[in-house]
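show me the folded form of this:
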Amino acid sequence: MNATSSFRLWLLVGSALMLVLAANAHFLYVAMSSQPACVAHVRPGDGSADRGAFSAAQSSCSPTRSGETP
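Predicted coordinates:
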């Protein structure tokens, strides 16, 4: 392996590493800056694996059940 091919290899490795770091930085930025609104979901304890409806382990919001008052 000569110096030119070695340089190209390290340039490729460095570029790939920078791409991964930039993607992770973008992922963290989006995760920290966004707050999705509460969506309708199966409430904890209401799910049934037999029906294919699983509930969240712990919800970050508390939507009211139909018929309940907030």
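
buried ones in stretch 26-35, by neighbour count?
Neighbour counts over stretch 26-35 (16 or more other CB atoms under 10 Å) mark no residue as buried. C-betas here are computed from N, CA, C, even on glycine.

please save the CA atoms from it in CSV.
Taking C-alpha atoms only, stretch 26-35 is exported to CSV below (Å, rounded to 0.1, in the frame of the first residue of the first chain):
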residue,chain,number,x,y,z
HIS,A,26,-28.9,15.9,14.5
PHE,A,27,-30.7,13.1,16.3
LEU,A,28,-30.0,14.6,19.7
TYR,A,29,-31.0,18.1,18.5
VAL,A,30,-34.4,16.9,17.2
ALA,A,31,-35.0,14.7,20.2
MET,A,32,-34.4,17.6,22.6
SER,A,33,-36.2,20.3,20.7
SER,A,34,-39.4,18.5,19.8
GLN,A,35,-42.3,17.6,22.1
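
average pLDDT across it?
For stretch 26-35, the mean pLDDT works out to 87.

what of stretch 1-11?
Taken as a whole, stretch 1-11 has a mean pLDDT of 91.

which parts of that stretch are buried?
If you call a residue buried by 16+ other CB under 10 Å, then stretch 1-11 has no buried ones at all.
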